[in-house]
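Visitor: need a 3D model of the following:
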Amino acid sequence: TMSKPADRPDLDLDKSSEQGFCKFYASLDAQENTIRVFERSNGDYYSVHGADAEYVANVVYKTTTVIKYIGGGSSTGLASCTMSRIVAENFLRDALLKYQLRVEIYAPQDSGKPGPWKVLRTASPGNLQQVEELLFANTEMVTVPLVMAVAFKVAVDQMQCGVAFVDPAQRSMGVCEFTDNDVFSNLESLVIQLGVRECLVETPTAVRHLEHTKLVSVLERCGVVVTERPRSQFSSTDMEQDLGRLLELTAPVASLPELDLKSAMSTLAAIILYLNLLMDETNFGSYLLSTHSLSQYMKLDASAVQALNLVPSPQDGSSKTMSLQGLLNHCKTSQGERLLAQWLKQPLLSIEAIEDRLGLVELFFADTETRNTLRSVHLRSMPDFKRLSSRFQRGFASLQDIVRVYQVAIALPALCDVLSGVSQPLVVKYYLQDLLAITEDLQEFRSLVETTVDLEMVDNHEFMLRADFDEGLQETKAKMEEEMGQILAEQAQ
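Guide: Sure thing, here's the model as predicted:
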């Protein structure tokens, strides 16, 4: 599809700026599977250059005619291409989640002036924190940006693997250690179970080059981006102190059984450094740590997932009938879609858990009225709680987000009433008792919102505090109403 010119603003540089930028771009180290995007005019539009420009031309615009050359002609100049803010944001989302690329966003050190340049934000498929607000503020994420780290020791005919994984959005950490074979079959199964997006591995040494190559091959077969980190970062020396800051603890950190898993702790240390978790105080006292057991789910490798067409692949395009997940996915919420994908990759082995799940499916299949009420009335209005909770945790939440949670809080009693009408022990066990507890916990929040937020204005999609909450706000509202009255009077004339 040919793009509209508005999608591609002109890269307006004088000769001196062109030469300066070309010199700077040439000084950058080549980075495999990395897209470098340059912010122009305070973020009004963006530019990409060199091989990145050719990639964007083919992937976004489907034509190379959008490429222009700066600092020379087509044989000597630097290939360049521009994108409007909206086009750039859509492309960067796809680059991270669909094409599994790393992203670097550059901006001028002196805002508004052309260079010198600095890295403003970096992101990778497993680490979206720096671009979360820029790219995903109004977009629901069906995939989870989970980052893993692996360390291994070679023993006779087997590997001793230590693994850690972190989900920054859920504030959760997991660790495990296990024995594996020389082709990392157990690790492959774990990667599939968790839906890992990115994996940190030690920079290889000559001694372990063959094993490292096998490890990378397994990870890439599973569609995981591999990021090499220095061996010095895989050190568990300070883990007791670091976990003491990050974890939500009810007992002394020294009593954690996970600390005995030295290899897994070293990989967790590498992730904590990679995600800069200790640099953000909002992370302190908010993470939960658990030990993951490989034996709780059936083992699937990448070949089985592909042969069974369990989950969508990039080759499927927009077709939803090419995978089991696509066929089954009639979910009303983003969290439902994520849970369905998780269940497909984590087949249960416990007979009791399987019977419970089948019992719940049978119950809602047979009770058409309850099922339709839940889907059409209650679930369709539920927001993406993972995205909302992340905004609150990172301090980005707005008054609109608070109102969104309030709307859920006032809807919960009716949802509980519907579930109470089913009167089945399984519904109580898996849904009702938790929902009733949450409803109770949100009582004070509801009262606080009703006291402070002007809920009448919410119907007009205006989010503001009640004027009678504060004298200063009353004065401001009076001025606003006076000025609005003058504007309306002028328009009437």
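Visitor: can I get the helix or strand in which T82 is found in CSV? Just the C-alpha atoms.
Guide: Applying DSSP states H and E as the criterion places T82 in strand 78-84. Provided in CSV are the C-alpha atoms of strand 78-84 (Å, rounded to 0.1, in the frame of the first residue of the first chain):
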residue,chain,number,x,y,z
LEU,A,78,23.0,7.6,3.8
ALA,A,79,19.7,6.0,3.0
SER,A,80,17.0,7.7,5.1
CYS,A,81,13.3,7.4,5.7
THR,A,82,10.8,9.2,7.9
MET,A,83,7.7,8.2,9.8
SER,A,84,5.0,10.3,11.5
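Visitor: now do the buried residues in that strand.
Guide: L78, A79, S80, C81, T82, M83, S84 (16 or more other C-beta atoms under 10 Å). The C-beta positions use only the backbone N, C-alpha and C, and glycine is treated the same way.
Visitor: wait, what's in contact with the first one?
Guide: Listed by C-beta atoms under 8 Å, 6 or more residues apart in numbering, the contact set of L78 reads F21, C22, Y25, H49, G50, Y69, I70, G71, G72.
Visitor: among the residues you listed, which lie within helices?
Guide: Applying DSSP state H to the contacts of L78, the entries found in helices are F21, C22, Y25.
Visitor: just the buried ones among those, please.
Guide: For the ones in helices among the contacts of L78, a burial check counting by 16+ other C-beta under 10 Å picks out F21, C22, Y25.
Visitor: sorry, back to before: in CSV: the ones in helices among the contacts of L78, plus pLDDT.
Guide: Formatted as CSV, the ones in helices among the contacts of L78 follow (pLDDT from 0 to 100):
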residue, pLDDT
F21, 92
C22, 93
Y25, 94
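Visitor: of all the residues you listed, which comes closest to A366?
Guide: Using C-beta to C-beta, Y25 is the member of the ones in helices among the contacts of L78 that lies nearest A366, at 63.8 Å.
Visitor: wait, that closest one sits on H49?
Guide: Yes: if you go by C-beta atoms under 8 Å, Y25 and H49 touch, sitting 5.6 Å apart.
Visitor: partner strands of the helix or strand hosting F165 and their direction?
Guide: If you go by DSSP H and E, F165 is part of strand 158-167. The pairing partners recorded for strand 158-167 under DSSP bridges are strand 147-155 (antiparallel), strand 172-180 (antiparallel).
Visitor: give me whichever of those is most buried.
Guide: Greatest average neighbour count among the strands paired with strand 158-167 goes to strand 147-155 (a mean of 21), per mean count of other C-beta atoms under 10 Å.
Visitor: using the three-state scheme, assign the residue nearest to P413 when sequence neighbours are not counted.
Guide: Setting aside the residues directly before and after it, P413 is nearest to T439 in space (C-beta to C-beta, 6 or more residues apart in numbering), at 6.0 Å. Secondary structure, DSSP: H, G, I helix; E, B strand; the rest coil: T439 is helix.
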